[in-house]
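1. one predicted model, sequence on top.
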Amino acid sequence: MYLETLEKSIYDLITETSTNLPKDVRRAVRKAKEAENAGTRAAMSLDTITNNIQMADDNVSPICQDTGLPTFKIKTPIGVNQLEIKAAIKRAMVTATKNGKLRPNAVDSLTGENSGDNLGEGVPVVKFEQWEKDYIEMKLILKGGGCENKNIQYSLPAQLEGIGKAGRDLDGIRKCILHSVYQAQGQGCSAGFIGVGIGGDRSSGYDLAKEQLFRSVDDVNPNAQLAELEEYIVEKANTLGIGTMGFGGEATLLGCKIGVMHRIPASFFVSVAYNCWAYRRLAININPSTGEINEWQYQEGEKVEFKDQGADQSAEEAASRIVELRAPISEEEIRQLKVGDVVKISGMMYTGRDAIHKYLSENDAPLDLNGQIIYHCGPVVLKDDEGKWHIKAAGPTTSIREEPYQGDIMKKFGIRAVMGKGGMGPKTLEALNEHGGVYLNAIGGAAQYYADCIKDVEGVDLMQFGIPEAMWHLRVEDFTAVVTMDSHGNSLHADVDKSSLEKLAQYSDPVYK
Ligand SMILES: O=C(O)C[C@H](O)C(=O)O
Ligand code: SF4
């Protein structure tokens, strides 16, 4: 009985973490919304984000399709069987995956094979500690890959782009942390949160940084110097003008938490763990005799609900114009699109992410892609009893990973539009210009919002790459995105990067002497 109840408690923890954003994070998102100017692209993105948070809650479905690397941190009273807990976690993970609360996210690093049930070597991450208290505490964070890729570790002293020399002192630490926000741009689905670890070695430093992500957004660091630095970082980071999704704007960083530990004389690391706005972490206290949940953590204060935020209306306000797109798209149509236009796509689009881009660079496409739209997306998809596929969550993935392939693939197959998030680099920008293509930015993490625009799954190719990596044929209606790179050499991402680097340079002078 204990084991069954325990498994159910863990299942509930996984489901709640994936679908219901914690109260402290909701409050921070609301604050970001209040800071953003109405009628801007950033305000539109935040409307989409808050709509999405509400939809995930209502549908009990993943806030973001990337349900991350599940990491459990558990404290047990002496005498509790940790092996049993680990086994229960694994069973709960399998069920949560089957029920579409988690995307199958465990991939064999050598063969590329997706295990299909979220279990694998080292996955999930489960860390135990013993403590003197008489209950089990279980914390869970679902940290997605896009923000994880924006983590950064500095080894001091260092020479940092924009902000200059960072020495082995508090001022050097300050510079690293500000730089970490700059280098993430919008690619980790800003507005984000950062956990910082000062000291340790390369691995314990990152552990300390990630541990900070378990602190409440509203807490105050007991170390007065660090409390001051946390406040300074949030204030200054929000002057960099990166904004939500890197579209420019006021809200770039929603929280900064800093921890410190000793180091050895030769090493001085500053490790930064970046978390997207879809900051999914929760914790439960479990009764060790019954396996029941005694208490949920992070429950202080009111729960902000985001009822009907009018995302469509704000898209209209934010757009220089709104263009209806339907594939196949001609070169002429594409050449008319400019950075800042909002597009509403209806008709077909095809998903393609890392595995597909590599595949297409070496092979023929499984279907005619001439004039078509490729969506950088790894959805959560479930099959019903009749064998029909249904999209359960489908936001964009970080596009920059496809930079080495994108331009060539667009030219090779005649693809006219690629959509993802975070923007792409100079090679793609040049190809868009040469070939006649656009890059469309969808709102990162808005997996429920976009799943709602997907009316049907008409087919799937290359299933051997696993559900997130397969090529899904999607029929969509009014799927909204922003043109952020056009066929005339304009890139909003390049512009925001340049202006934020200039702003970062304003903070080069020492603050701590
Ligand atoms: O894997 C994904 O679907 C998205 C990823 O978290 C990303 O931000 O790129
Ligand atoms: S897509 Fe964005 S919101 Fe989702 S896990 Fe990746 S970084 Fe986070």
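-> Arrived safely. Ligands and ions are numbered 1, 2, ... in the order given.

2. right, and ligand 2 sits closest to which residue of the stretch 351-500 of the chain?
-> Going by C-beta to the nearest ligand atom, ligand 2 is nearest to residue 445 of the stretch 351-500 of the chain, at 2.8 Å. No exception for glycine: its C-beta is placed from N, CA and C like everyone else's.

3. number of residues surrounding the closest residue to residue 450 other than its chain neighbours?
-> Leaving aside its chain neighbours, residue 450 sits nearest to residue 394 (4.9 Å; criterion: C-beta to C-beta, 6 or more residues apart in numbering). Residue 394 has 29 neighbouring residues, counting by other C-beta atoms under 10 Å.

4. neighbours of residue 248, just the number please.
-> Around residue 248 there are 20 residues (other C-beta under 10 Å).

5. look up how far residue 369 lies from the residue lying closest to residue 115 once chain neighbours are set aside.
-> Closest residue to residue 115 apart from its sequence neighbours, by C-beta to C-beta, 6+ apart: residue 106 at 4.5 Å. With distances taken as C-beta to C-beta, to the nearest Å, residue 106 is found 30 Å from residue 369.

6. same deal with residue 495?
-> Taken as C-beta to C-beta, the span from residue 495 to residue 369 is 29 Å.

7. which elements pack onto whichever helix or strand residue 57 is part of?
-> Secondary structure from DSSP states H and E places residue 57 in helix 41-59. If you count contacts as 3 or more C-beta pairs under 8 Å, 6 or more residues apart in numbering; DSSP states H and E, helix 41-59 packs onto helix 2-19, helix 23-35, helix 311-318, helix 447-453, strand 471-485.

8. out of these, which gets nearest to ligand 1?
-> That would be helix 447-453 among the helices and strands packed on helix 41-59, by C-beta to the nearest ligand atom, at 8.2 Å.

9. list the helices and strands that closest one packs on?
-> Contact here means 3+ C-beta pairs under 8 Å, 6+ apart; on that basis helix 447-453 packs against helix 41-59, strand 389-393, strand 471-485.

10. so where's this protein uncertain?
-> Scanning the chain with the threshold set as pLDDT under 70 gives 308-312.

11. need the contact list for the residue of it found nearest ligand 2.
-> Residue nearest to ligand 2 within the chain: residue 144 (1.9 Å; C-beta to the nearest ligand atom). The contact partners of residue 144, by C-beta atoms under 8 Å, 6 or more residues apart in numbering, come to 64, 66-68, 189, 276, 278, 445.

12. then residue 221?
-> By C-beta under 8 Å, 6+ apart, the residues touching residue 221 are 227, 230, 257-258.

13. rewinding a little: to residue 244, which of the helices and strands packed on helix 447-453 lies closest?
-> For residue 244, the closest of these is helix 41-59, at 4.3 Å, according to C-beta to C-beta.

14. gap between the closest one and the chain center?
-> 14 Å (C-alpha atoms, centre = their mean, to the nearest Å).

15. now the element after that helix, going C-ward?
-> Using DSSP H and E, the helix or strand that follows helix 41-59 in sequence is strand 69-77.

16. so which elements touch that next one?
-> If you count contacts as 3+ C-beta pairs under 8 Å, 6+ apart, strand 69-77 packs onto helix 82-98, strand 125-131, strand 136-143.

17. for that strand, which outside residues touch it?
-> Residues contacting strand 69-77 (C-beta under 8 Å, 6+ apart): 14, 82, 85, 89, 93, 102, 105, 118, 123-143, 145, 148, 210, 214, 288.

18. equivalent analysis for stretch 493-512, please.
-> Outside stretch 493-512, the residues within contact range by C-beta under 8 Å, 6+ apart are 161-164, 169-171, 174-175, 178-179, 182, 185-186, 232, 236, 239-243, 246-248, 422-424, 426, 429, 484-485.
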